[in-house]
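>>> show me how the following folds:
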Amino acid sequence: MHPSNDIRGTRGAELAGRRIVLCITGSVAAIRCPELARELMRHAADVRTVMTESAARLITPQLMHWATGNPVVTALTGGLEHVELASWADLVLVAPATANTLSKVACAIDDTPVTSVVSVALGLGKPIVMVPAMHASMYSHKLLQENLSRLRSAGVHILEPRLEEGKAKLPSVAEIVDFVLGLLAPKDMAGLRVLVTAGSTVEHIDPIKFITNRSSGKMGVAIARAAANRGAEVTLVYGEGTEKPPSNVRVIRAQTTAEMREAVRRELERRYDIVASAAAAQDFAVERPAQHKIRHSEPVEIRLIPAPRIIDDVRQLAPQAFIVGFKAEYNVTDQELLEAAAEKLRQNQLDMVVANDVSRPGAGFGEETNEVIIVTPHGHEKMACSKLEIANYILDSALAKLRGSAR
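Have a look, this model is predicted:
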């Protein structure tokens with residue numbers, strides 16, 4: 001096995017057994033393709049690459065061979081590579097897709113390895129995703145937009161570009177991977193409704209200054225992303241955070257702890273099957289925030305009072321839901337962490353508590369990984385892995401409980 005395959009499945013197994021043909025055309029955004037291919041592989045996909053002649057002048061086929069561990073097709077021969085690849089693929093991903101390639105496919109013109117692979121895939125009824133990248137003036141061209149409509153009517157999925165700085169830019173690698181996961185990941189949560197809180201909250205000292213914490217929102221966003229990709233209808237109540245919310249979830253923004261608590265209470269007037277309270281809401285609020293900017297000319301005394309707890313009345317509002325709480329501690333032993341999680345589980349009548357010590361390497365705010373102790377009424381388990389893997393473990397446990405077999 002090619003050494004580059006060592007990364008396969010390191011972020012999750014959602015694409016295990018799935019085969020993706022990545023078609024690269026002659027946009028400068030092709031420089032993102034090694035990263036894109038490897039991120040798909042981290043979700044366990046097998047990726048093979050096809051490049052146009054123009055793309056191969058921007059990044060080398062050898063680079064994509066390194067990235068995927070598979071040989072790269074740059075020309076069609078008697079081996080009928082276009083037929084073999086399209087037949088092999090579970091999905092054909094054209095990223096970046098130039099105006100030239102988009103229009104050729106829309107008009108059934110097959111004069112490059114990429115357009116020929118897409119043509120065969122269309123005939124075979126394989127899922128096709130095209131991700132445009134070009135100058136904004138080209139993207140807004142009336143005839144190109146007509147061609148995009150033709151592609152959509154033929155069943156091609158178009159992932160819209162980001163329009164900024166006069167360009168129609170390739171979406172982030174995470175957005176493209178999310179889109180692919182949304183198409184290919186198992187839909188074992190279809191019909192379920194999931195409510196997630198994420199990020200930190202802020203409590204104002206005056207109109208400018210506030211207290212908060214360093215939560216990035218990564219854990220909560222990972223849960224929302226995983227649930228949506230598995231077919232659930234997801235609402236994310238999001239405070240402050242650096243992690244971008246997935247495009248396939250409904251997002252409600254909240255700033256203070258009271259605002260987040262009110263948003264959760266309002267949402268729970270509707271039925272939710274799973275509630276994951278992953279937000280790092282403030283424990284304390286300022287008793288009397290100043291109405292004007294506090295000057296630094298003299299000392300100021302600030303009195304903090306306990307902030308409302310978001311999780312406190314969730315069980316009463318959602319008696320049938322699978323409810324997950326989170327517990328963050330600092331510089332404690334595993335036993336102390338376990339005891340704190342078990343107490344929270346008992347006090348709030350939760351189905352699960354995920355506890356971590358944010359002082360530990362690879363387990364703090366902003367990290368892609370986490371080291372947690374997961375506590376349920378049936379016992380506990382320690383995990384050290386990616387936040388996405390933890391998210392899917394939580395969801396697997398919730399599904400097992402909802403279907404009558406506690407994990």
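>>> can I get the CA coordinates of stretch 55-64 in PDB?
Only the C-alpha atoms of stretch 55-64 are listed here, as PDB (Å, rounded to 0.1, in the frame of the first residue of the first chain):
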ATOM      1  CA  ALA A  55      -4.500  21.600 -14.700                       C
ATOM      2  CA  ALA A  56      -1.300  19.700 -15.100                       C
ATOM      3  CA  ARG A  57       0.500  22.900 -15.900                       C
ATOM      4  CA  LEU A  58      -0.600  24.400 -12.500                       C
ATOM      5  CA  ILE A  59       0.100  21.400 -10.200                       C
ATOM      6  CA  THR A  60       2.000  18.300 -11.200                       C
ATOM      7  CA  PRO A  61       0.400  14.900 -11.600                       C
ATOM      8  CA  GLN A  62       3.200  13.600  -9.400                       C
ATOM      9  CA  LEU A  63       1.900  15.800  -6.600                       C
ATOM     10  CA  MET A  64      -1.600  14.300  -6.800                       C
END
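>>> walk me through the domains of this structure.
3-184, 193-402 (automatic domain parsing).
>>> now render these as a markdown table, adding mean pLDDT and mean neighbour count.
C-betas here are computed from N, CA, C, even on glycine. Shown next, in a markdown table, are those (pLDDT from 0 to 100; neighbours: other Cβ atoms under 10 Å):
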| stretch | mean pLDDT | mean neighbour count |
| --- | --- | --- |
| domain 3-184 | 95 | 19 |
| domain 193-402 | 93 | 19 |
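>>> what's near enough to touch L124?
86-87 (Cβ atoms under 8 Å, 6 or more residues apart in numbering).
>>> can you tell me how far it is from I109?
18 Å (Cβ to Cβ, to the nearest Å).
>>> helices or strands next to the longest helix along the chain in the packing?
Criterion DSSP state H: the longest helix present in the chain is helix 387-402. On a contact count with 3 or more Cβ pairs under 8 Å, 6 or more residues apart in numbering; DSSP states H and E, helix 387-402 meets helix 218-229, strand 274-277, strand 322-329, strand 352-357, strand 369-376, strand 379-386.
>>> so what strands line up beside the second one?
Right, the one you point to is strand 274-277. strand 193-198 (parallel), strand 322-329 (parallel) (DSSP bridges).
>>> can you lay out the ones you listed as TSV showing distance to L350?
Formatted as TSV, the strands paired with strand 274-277 follow (distance: least, Cβ to Cβ, whole Å):
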stretch	distance to L350
strand 193-198	14
strand 322-329	5
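>>> who wins for proximity to L304 among these?
strand 322-329 (18.1 Å; Cβ to Cβ).
>>> contacts for that closest one next, please.
Outside strand 322-329, the residues within contact range by Cβ under 8 Å, 6+ apart are 219, 273-278, 280, 311, 314-315, 336-337, 340-341, 344-345, 348-358, 394, 397-398, 401-402.
>>> how far away from the center of its chain is it?
20 Å (Cα atoms, centre = their mean, to the nearest Å).
>>> for A258, which of the helices and strands packed on helix 387-402 is the nearest?
Nearest to A258, of those and by Cβ to Cβ, is strand 274-277 at 15.2 Å.
>>> and that closest one, C-alpha only, in CSV?
Taking Å, rounded to 0.1, in the frame of the first residue of the first chain, the C-alpha atoms of strand 274-277 are listed here in CSV:
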residue,chain,number,x,y,z
ILE,A,274,-31.3,14.4,20.7
VAL,A,275,-30.0,17.4,22.6
ALA,A,276,-26.2,18.0,22.9
SER,A,277,-25.3,20.8,25.2
